[in-house]
Every structure is written in structure tokens, then in C-alpha cells.
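**Q** here is my input; please provide its structure:
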Amino acid sequence: MSKRGFRTKTSKKTEPELPQPYTPTASWRLIMPSLAVSRKWLLHSFLAVATAPLLTILGSTLVNGFVVIDIWAGLGVLMEIIAAILVLLNVSATIVLQVDAAAGRTLSVGRMYREAIRFLPRIIGFGAIFGLLFIGGLLLFVVPGLIVMRRYIFGPYCIVEDDLGIRAAMQRSDQLSKPITKQLFSMLLIVCAFGLVTVGLGRLPEPIAFYGSLLATVLPIAYFYLPALRFREAYLNVGRPIK
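**A** Next up, the predicted model:
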């Protein structure tokens, strides 16, 4: 009863809803979505993945005497310089592109490289720490290196997605990747398989070696978004149990 003599309604205690379990997408099923994203973002993907290697190949071809005119050799040197600059910028531009494309956000080429410059110090710093941990882990009977790979594979994506520092990104990556260890390693096997094909194309004998190298620079676009799509699924389903 209330102070005024009216019976008050008592609300039943409701149990908090538990997160619904989900089934992670099989890694091989991410190949077609990765191709679809690559087609949608073809210009950006080409700039981030293939432009620097292509400029390097063409530049070295001109410099090494396929074309012996001095002006062409000078152009070859310029191409190699531009390629070196792009290689540095694309360390972070590829991550910015992968994160935004996988999330379905709009991204101009100009903003991609502006964001790349902003995130570049953190992504390079993360890469240095990750590289030391990974190599050290491999030297300790391989398994610790694989654990490092699993825990911190999403680090660069966390830096860009949530604008995190290196330490916070490593902690966030561990949280996201732990429930999907099996799916992560199956994805890495697919990426390695594509990588072996790419390396094989780059080692074709003459006279088709040059064309194989060109094709090898473009092929990575096909599987470029696989890790980002895996990250996006884990990011959207954080805290949910796996079926």
C-alpha cells in the first residue's frame, strides 16, 4: 500500500537478456565478399596495393636498359622514388581503406591518404612491436609466435577503427580475436595459398616473367579485404558467444 492508501503495482524483476550466440562465417565464404568489395573500391585498392609495385617494376625496367634513352632512364628513377614514398604511405593507407570499405563507409582517395598520414606513426610503431614479439615467439619453438599472431592480428584495424593507442589496440585485438581462433587461422591459410600463387607468378621464366610480375602485383587485390571482413564480423559481435 502507498502512503495515500492505494495499492501499488509491483514490477517483476526481469532477468538481463544474454547475448545471442552467433556462428562466424567460414573463411572460404569470405572470398566472394572480398572480391565484391575489391570491385566496389577498385581505384582505391589499385592505389593501395598495386601502384607502388607496378611503378617499381616499370621504373627498374627503364633504368636497367630496356629503354636506353636517357630521358626514359630518368623517368624510371622518378617512378622508383614515387614508389618508395607510396610504399611508406600505404603501410597505413591499406589499413584505413580496409577498415572503411569493410564497414561500408564512404572514403575519398584524398581522405584515405590524409588519414594514412595521421595513423602512420602508430601503425609503424605497432608493426615494430608486433614484429619483435612474433619473431621472438617463432624462435621459441614456433607456438608462441602463433599465439602472438592470433592475439594481435587485429591491432592495426583497432588503431584505425577506434583511434586507439598501440597498447589499447593490442588489448582490444586480443579481446576480438580470442573467440575466433580457428576461423583466424583458416583465413590465414587461404591468404597464404593466394600468396604462394602470387610468388609463383612473379617467378615465371622468360619471356613471360615480366607479365607474370605485373599480374602478381594485381592479384593481391582479390584477397585484400579478407582480414578486414573477418575483423568487422568480430567487431560487430564482440561479447557474443560462439555457437
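**Q** residues contacting the residue nearest to residue 20 when sequence neighbours are not counted?
**A** Leaving out its chain neighbours, the residue that sits closest to residue 20 by Cβ to Cβ, 6 or more residues apart in numbering is residue 240, at 6.4 Å. Backbone N, C-alpha and C define where each C-beta goes, glycine included. Contacts for residue 240 (Cβ atoms under 8 Å, 6 or more residues apart in numbering) come out as 19-22.
**Q** for residue 240, what are phi and psi?
**A** In terms of degrees, to the nearest 10, the main-chain angles of residue 240 are phi -90, psi 140.
**Q** still on that earlier bit, among the contacts of residue 240, who's most crowded?
**A** When neighbours are taken as other Cβ atoms under 10 Å, the top entry among the contacts of residue 240 is residue 22 (14 neighbours).
**Q** is it in a bridge, and if so with what?
**A** residue 242 (DSSP bridges).
**Q** now do the same contact list for it.
**A** Listed by Cβ under 8 Å, 6+ apart, the contact set of residue 22 reads 237, 240-243.
**Q** wait, isn't residue 100 in contact with residue 108?
**A** No - counting by Cβ atoms under 8 Å, residue 100 sits too far from residue 108 to count as a contact (10.3 Å).
**Q** the more surrounded of the two?
**A** Between residue 100 and residue 108, residue 100 has the larger neighbour count (other Cβ under 10 Å), namely 20 against 9.
**Q** nearest residue to residue 46 other than its sequence neighbours?
**A** residue 221 (6.9 Å).
**Q** what are the ranges of the helices in this structure?
**A** Ranges of helices within the chain are 31-40, 42-45, 51-63, 70-103, 109-139, 143-152, 155-162, 166-177, 181-202, 209-218, 220-223, 226-236, based on DSSP state H.
**Q** comparing the ones you listed, which comes out most buried?
**A** Greatest average neighbour count among these goes to helix 155-162 (a mean of 24), per mean count of other Cβ atoms under 10 Å.
**Q** picking up where we left off before, separation between the residue nearest to residue 20 and residue 24?
**A** 10 Å (Cβ to Cβ, to the nearest Å).
**Q** adding mean pLDDT, write the helices of the chain out as TSV.
**A** Formatted as TSV, the helices of the chain follow (pLDDT from 0 to 100):
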stretch	mean pLDDT
helix 31-40	91
helix 42-45	88
helix 51-63	72
helix 70-103	82
helix 109-139	93
helix 143-152	91
helix 155-162	96
helix 166-177	95
helix 181-202	87
helix 209-218	74
helix 220-223	83
helix 226-236	94
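**Q** verify the stated contact: residue 165 with residue 123.
**A** No - taking contacts as Cβ under 8 Å, residue 165 lies outside contact range of residue 123: 11.5 Å.
**Q** common neighbours of the two, please.
**A** Contacts common to residue 165 and residue 123, judged by Cβ under 8 Å, 6+ apart, are residue 159.
**Q** which one is residue 88 nearest to, not counting chain neighbours?
**A** In space, residue 88 is closest to residue 120, 7.7 Å off (Cβ to Cβ, 6+ apart).
**Q** ok now do the one you found, which residues does it touch?
**A** Contact analysis of residue 120 by Cβ under 8 Å, 6+ apart lists 88-89, 91-92.
**Q** list the contacts of the residue nearest to residue 46.
**A** 38, 42, 45-46, 49-50.
**Q** from those, which is closest to residue 140?
**A** residue 49 (32.8 Å; Cβ to Cβ).
**Q** report pLDDT for that closest one.
**A** pLDDT, residue 49: 84.
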